[in-house]
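Colleague: Sequence first, then the predicted structure, then my questions.
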Amino acid sequence: MKMLVPGANGQVGHALLRSLATLGEVAATTRSGRLEDGTGCEKFDLADLDAIASLLDRTRPDVVVNAAAYTAVDRAEDDIEAAFRTNAEGPRRLAVECAARGISLVHYSTDYVFDGQGSRPYREDDATAPIGVYGHSKLAGEQAIADSGARHLILRTAWVYGLHGANFLRTMLRVGAERDELRVVADQRGTPTPAWLIADATADILRNGFPESGIVHLVADGETTWHGFAEAIFDEAMSAGLISRRPVVTAITTADYPTRASRPAYSVLDTTRLQQQFGIEPPSWRQALQTLAAART
Ligand SMILES: NC(=O)C1=CN([C@@H]2O[C@H](COP(=O)(O)OP(=O)(O)OC[C@H]3O[C@@H](n4cnc5c(N)ncnc54)[C@H](OP(=O)(O)O)[C@@H]3O)[C@@H](O)[C@H]2O)C=CC1
Ligand SMILES: Cc1cn([C@H]2C[C@H](O)[C@@H](COP(=O)(O)OP(=O)(O)O[C@H]3O[C@@H](C)C(=O)[C@@H](O)[C@H]3O)O2)c(=O)[nH]c1=O
Ligand SMILES: [Mg+2]
């Protein structure tokens, strides 16, 4: 099987290069034409709609695993056109061109397609109602792919972190090294999910052949708040010996931490479909975090 991975320098893309390698040949694309280790790869910008068909004709994959996205949640509020181009129009054209060539498409979406007013984990067919531009653009991407006629799998994930790339864990470790106290919101609930878990689950799914088209939620098990996640990050970093001083992490409310974009108050995703359809039982978010701290030591 030949796989093409746009967005290979992102958190998920980077992890996918390793996880998918066990399944066959993997070709990466990035906007710069280079991977982070300096190796050359295909140069491709998902917002350049007319470049999509020629990329597919040049590389001829069986499956595209699209990890490229506009993920700057606050910036998207003032950069609506760019967010929609990368998260909706690019995926739309990608899916249409995949359909025309019999190529299957794996794509990632987000818990931010929900408004966060729910009180039990969201299922795949629960009503979506994004409250920010990023969520709107990702939902438009989902819908365009579903309408494209391409064989597709949309994996909705959340709160992605890892040792690679820009994410909350790395922000906490950086800021925690500079300050004695951090203030973190304790009224937004969700599930931190490491990039390796998303990549491994994607490979596990594809190993058994491309599934029936649809949406599947893919997150670690359990739930916490950003404040709970921050506390756990410092606990793990202390016991793994990554840091020698633990900052105080003060719980605050969303109102105490104004941001450009609104974020859902509750965006836990139900993974029953992942477990029943694919036999994948995700580890608890806390266990998954421990794995990462261990890998670093
Ligand atoms: N991060 C998170 O918390 C979550 C992410 N997701 C989804 O998971 C997927 C992967 O996200 P993640 O790995 O975390 O994201 P990252 O921000 O780590 O990586 C995204 C990658 O996409 C690339 N990219 C951005 N714009 C374009 C473009 N126009 N053309 C080509 N490449 C582009 C970036 O390239 P460059 O390095 O050049 O900027 C970057 O390497 C996305 O679909 C995202 O929406 C879902 C839920 C949570
Ligand atoms: C850095 C920091 C953030 N926060 C808050 C802001 C926000 O509500 C929350 C998380 O901040 P972030 O900027 O990391 O979160 P954000 O960029 O909204 O993360 C989201 O990214 C997109 C791509 C997704 O798809 C989502 O699943 C989610 O992971 O923590 C604090 O309270 N204190 C702090 O010191
Ligand atoms: Mg980036």
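Modeller: In hand now; what should we look at? Ligands and ions are numbered 1, 2, ... in the order given.
Colleague: Is there a neighbour count for the residue in the chain positioned nearest to ligand 1? I'd like the number.
Modeller: As assessed by Cβ to the nearest ligand atom, ligand 1 sits closest to Gly10 within the chain, at 2.1 Å. Backbone N, C-alpha and C define where each C-beta goes, glycine included. Other residues near Gly10 come to 22 when the count uses other Cβ atoms under 10 Å.
Colleague: Give me the phi and psi for it.
Modeller: phi -80, psi 180 (degrees, to the nearest 10).
Colleague: ditto for the one 3 residues further on
Modeller: The phi/psi pair for Gly13 (degrees, to the nearest 10) reads phi -60, psi -50.
Colleague: Likewise for Asn66?
Modeller: phi -90, psi 110.
Colleague: Okay, and the beta partners of it?
Modeller: Taking DSSP bridges as the rule, Asn66 bridges to His107.
Colleague: mind listing what it touches?
Modeller: Shown in contact with Asn66 (Cβ atoms under 8 Å, 6 or more residues apart in numbering): 5-7, 46, 91, 94, 105-108.
Colleague: for Tyr161, same thing?
Modeller: 11, 167-170, 192-195.
Colleague: Touching, Ala69 and Thr86? I think so.
Modeller: Yes: Ala69 lies in contact with Thr86 (Cβ atoms under 8 Å); the separation is 6.2 Å.
Colleague: gap between the nearest residue to Thr272 once chain neighbours are set aside and Arg207?
Modeller: Once flanking residues are discounted, Thr272 sits nearest to Arg123: 7.3 Å by Cβ to Cβ, 6 or more residues apart in numbering. According to Cβ to Cβ, to the nearest Å, Arg123 and Arg207 sit 25 Å apart.
Colleague: So what's the gap between stretch 19-32 and the chain middle?
Modeller: 17 Å (Cα atoms, centre = their mean, to the nearest Å).
Colleague: whoops, I mixed them up, stretch 69-80
Modeller: So, by Cα atoms, centre = their mean, the centroid of stretch 69-80 is 15 Å from its chain's centroid.
Colleague: do the same with stretch 124-137
Modeller: On Cα atoms, centre = their mean, the centre of stretch 124-137 falls 15 Å from the chain's centre.
Colleague: now do stretch 256-270
Modeller: 16 Å.
Colleague: Gly135 is in contact with Ala88, correct?
Modeller: No: contact criterion Cβ under 8 Å: Ala88 and Gly135 do not qualify, at 11.4 Å.
Colleague: Who has more neighbours out of these two?
Modeller: Gly135 (29 against 21).
Colleague: ok, for the more buried one, nearest residue in space, not its chain neighbours?
Modeller: Going by Cβ to Cβ, 6+ apart, Gly135 has Tyr112 as its nearest residue, at 3.7 Å.
Colleague: what's the spacing between that neighbour and Ala69?
Modeller: Applying Cβ to Cβ to Tyr112 and Ala69 gives a distance of 12 Å.
Colleague: possible to save the contacts of Asn66 as CSV with neighbour count, distance to ligand 1 and pLDDT?
Modeller: Formatted as CSV, the contacts of Asn66 follow (neighbours: other Cβ atoms under 10 Å; distance: Cβ to the nearest ligand atom, whole Å; pLDDT from 0 to 100):
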residue, neighbour count, distance to ligand 1, pLDDT
Val5, 28, 10, 98
Pro6, 26, 6, 98
Gly7, 24, 4, 98
Leu46, 24, 3, 98
Pro91, 31, 9, 99
Leu94, 28, 10, 99
Leu105, 25, 12, 99
Val106, 23, 10, 99
His107, 26, 7, 99
Tyr108, 28, 4, 99
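Colleague: Go through those residues and flag which are in helices.
Modeller: Among those, the ones falling in helices (DSSP state H) are 91, 94.
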